[in-house]
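>>> sequence first, predicted coordinates after that:
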Amino acid sequence: MATVRFEKAQRWYPGADTPAVPGIDLEIEDGEFMVLVGPSGCGKSTTLRMLAGLEEVNSGNVYIGDRDVTKLSPKDRDIAMVFQNYALYPHMTVADNMAFALKMAKVPSEERKVRVREAAGILGLTDYLDRKPKALSGGQRQRVAMGRAIVRQPQVFLMDEPLSNLDAKMRVATRTDIAKLQADLGITTVYVTHDQIEAMTMGDRVAVMNFGELQQVDTPLSLYDRPNNRFVAGFIGSPAMNFLEGEMTDGGLRIGDYDLPVPRDVLQKATDGVVVGVRPEHFEIASDNNGIPIEVTLVEELGADAYIYGTTDVQGTPGHLVVRGLARRDVAKGSTVYVSADAERIHVFDKATEKRLN
Amino acid sequence: MTQAAPTVDVDPMGGEGQKPPRAQRFTLGSVVVRATVALLCLLWLVPTIGLLVSSFRSEEAVKEDGWWTVFASPLEFSQWTLDSYDSVIFDQGMGSAFLNSIVVTVPATIIPIMIAAFAAYAFTFMRFPGRDLLFILVVGLLVVPLQVAFVPLLRLFSQYELNGTFLAVWLAHAGFGMPLAIYILRNYMASLPHEIIESAAVDGASHFRTFWSLVVPMSVPALAAYAIFQFLWVWNDLLVALLFLGAGENEVVTINLRDLIGDLGQEWHLLTAGAFISMVLPLAVFFALQRYFVRGLTAGSVKG
């Protein structure tokens, strides 16, 4: 059990023009499930690998608990890591795979057996202990990788996209399994993914990264409800948020013929215009013609609700918009509907700095 | 020109039974290909067969008429004899030369592989300044012909009075085989998934443990492939053995074979038996490890 703390930790790959991670400050509490999420190349894996000791920290510090581990080698950090491709030892049985780290730590053979059995029991691997990895399915291999981590009883779990090699159904099932397991064991976990749904469903807190920088660190719902900047707003949520631009007027924003009310004090903070973000579920299909006209190109009927995809040629709109509507309303493809935004739930961003204004 | 025969699908089961897969159907084309391959194999084997037959014939018979004459009456057992083998193994010293060859070959194969595997691991998984430069240097040594090293090596060995000892040949072969061994093994190890090595580091394994417990077992195909090459090369080598070991007590099979001819070439019938004895072990090694041999040809370039 331990906290994890990054203090201005920087990683600059030799020969690169800019640092992969210019300097990250992040504090992870004891027992917390922290998800690092971001598009590929955003530095999330590099950050994790700095914590693992697989990547050199060029400047700054990394702490596990009160220990400064910046210069320690991976084996002295008391961590366990799950890799994207599982990195199982191909010539060893499942039991030997799981016992390897314990053997390295010179745990006596009897205790090793007990701990491996225990972990195998938790993960439902008891029947497979004598098999080699190549005789296992993808899901089972993933569980062996997890098992190898949990027998260690480490201070911190590190997971680098552990689900991305699974098929969609397994991924959803394993997602909940891992989250539950982590909650049961109560071991501090740092989990890297590019999938924002994984981030939202698994994390106690989520750290959104882009260009090597932390964009926002918060609980999943706060990220969704109050994104700090335009990047986070666009990254979190599926389908993604719609961004509208328009002419600033006294009491709001004029988009084509549609007036979107925005408080005056918010508008005043803008340096160079504003961008308004509206989530698909915060659009409403207007009964009268007061709204943004969109031509429906596709309706995704999900049963419970429906997503309406449409294009619009109103100046300042992104060209196509996504609106969540009620299911089974028979919005016809090719028809034109008018949508208006819920003024209470809009996100206003500065056009130049992309920071949140309201 | 092979003409594809018009294939008429005559189905003995009548009507809609399954056709045999195309590859298994005997077309005129495939018969021609098989016949050609068989003929080529036979052609290549003729000298060896002649050698084998001659080695079981008496000296007079060998010198009187050709080996193919035996096929007129192959079952006449009085014409077969083991005299040549008897003479070669016991009188000409081929028996002890054979043992010497083993004594030379086994360490001369194991030593370079051991060292090269360590080196390849370091070149692949350890970071140290000048690593790439050093590797280029080692690979660059591949283009140096071994002949240029003979004189300096001889002088060096004579300084330590090593000439004529097994140690001298071991060292010479180890040195000459090392660049290729390091090159092949490093390329193979670089194709191993590096997450496994990182995982081992996180699991607390030292470099030494990672090497023995993970990298060596996973590199068996490349190690075996290189071992076969090095083994054959050392076993068949005459030049290095002649220079550093020479004839006499410690002579190896190839040197013994060369001396069998006799000064005037009068005893060439003994060569047949000698040649076969020298072939036995390489053949055994080849057939025992041939699956590595075939796979190993691409080891290092393609993930095996």
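Happy to help now that I have it. Small disclaimer: the values here were computed from a predicted structure and weren't measured.
>>> hmm, residue A:311 is touching residue A:292, no?
No. With contact defined as C-beta atoms under 8 Å, residue A:311 and residue A:292 do not form a contacting pair (11.1 Å). Any C-beta I mention is one placed from the backbone N, CA and C, and that applies to glycine too.
>>> looking at these two, which is more packed in?
Using other C-beta atoms under 10 Å in any protein chain shown, the more surrounded residue of residue A:311 and residue A:292 is residue A:292, with 27 against 14.
>>> how far away is the more buried one from residue B:151?
89 Å (C-beta to C-beta, to the nearest Å).
>>> in the stretch 151-300 of chain A, which spans are helices?
All helices of the stretch 151-300 of chain A, identified by DSSP state H, counting those that start in this stretch, fall at A:168-185, A:196-202, A:220-225, A:230-235, A:264-268.
>>> now the residue positioned nearest the centre of chain B: closest residue in space that isn't a chain neighbour?
Centroid-nearest residue in chain B: residue B:232, 3.0 Å away (criterion: C-alpha atoms, centre = their mean). Among residues not flanking residue B:232 along the chain, residue B:282 sits closest, at 5.7 Å (C-beta to C-beta, 6 or more residues apart in numbering or on different chains).
>>> and the one you found, how far from chain A?
Going from residue B:282 to chain A by C-beta to the nearest C-beta, to the nearest Å gives 29 Å.
>>> repeat for residue B:257
41 Å.
>>> so which bits of chain A are right by chain B?
Within chain A, the positions lying close to chain B (C-beta under 8 Å from any C-beta of the partner chain) are A:52-54, A:73-75, A:79-81, A:83-85, A:87-91, A:100-101, A:104-105, A:148, A:152, A:158.
>>> domains for chain B, by residue range?
Following automatic domain parsing, one gets these domains for chain B: B:26-82, B:89-299.
>>> and chain A, by the same measure?
With automatic domain parsing as the reference, chain A has domains A:4-235, A:242-350.
>>> what residues sit buried inside the longest helix seen in chain B?
Longest helix of chain B, by residue count under DSSP state H: helix B:94-125. Neighbour-count burial for helix B:94-125 flags B:94, B:96-98, B:100-101, B:104-105, B:107-109, B:111-113, B:115-117, B:119-125 (criterion: 16 or more other C-beta atoms under 10 Å in any protein chain shown).
>>> residues of chain B that sit close to chain A?
Residues of chain B lying close to chain A (C-beta under 8 Å from any C-beta) are B:193, B:195-196, B:198-206, B:209, B:213-214, B:217-218.
>>> just the buried ones among these, please.
B:193, B:195-196, B:198-205, B:209, B:213-214, B:218.
>>> which ones among the residues you listed lie within helices?
Checked against DSSP H, these include these in helices: B:195, B:196, B:198, B:199, B:200, B:201, B:202, B:209, B:218.
>>> if I pick the last one, what's in contact with it?
For residue B:218, the contacting residues are A:90, A:91, B:192, B:196, by C-beta atoms under 8 Å, 6 or more residues apart in numbering or on different chains.
>>> quick one: contacts for the last one?
Spelled out, that is residue B:196. By C-beta under 8 Å, 6+ apart, the residues touching residue B:196 are A:87, A:88, A:89, A:90, B:214, B:218.
>>> mind listing what the closest residue to the fourth one other than its chain neighbours touches?
Yep, that's residue A:90 we're talking about. Using C-beta to C-beta, 6+ apart and skipping residues adjacent in sequence, the residue nearest residue A:90 is residue A:133, 5.7 Å away. By C-beta under 8 Å, 6+ apart, residue A:133 lies in contact with A:86, A:88, A:89, A:90, A:92, A:94, A:97, A:141, A:144.
>>> from those, list just the buried residues.
Buried, going by 16+ other C-beta under 10 Å: A:86, A:88, A:89, A:92, A:94, A:97, A:141, A:144, out of these.
>>> quick check, nearest of the residues you listed to residue A:273?
Nearest to residue A:273 among the buried ones among the contacts of residue A:133: residue A:86, at 48.5 Å, using C-beta to C-beta.
>>> now do the SS call for the closest one.
Three-state call for residue A:86 (DSSP: H, G, I helix; E, B strand; the rest coil): coil.
>>> so it touches residue A:139, yeah?
No. Contact criterion C-beta under 8 Å: residue A:86 and residue A:139 do not qualify, at 10.8 Å.
>>> all strands for the stretch 201-350 of chain A, in order.
Along the stretch 201-350 of chain A, the stretches classed as strands by DSSP state E, counting those that start in this stretch are A:205-210, A:213-218, A:242-245, A:247-249, A:252-255, A:258-261, A:274-278, A:283-285, A:292-301, A:305-311, A:320-326, A:336-341, A:347-350.
>>> perfect, that will be all.
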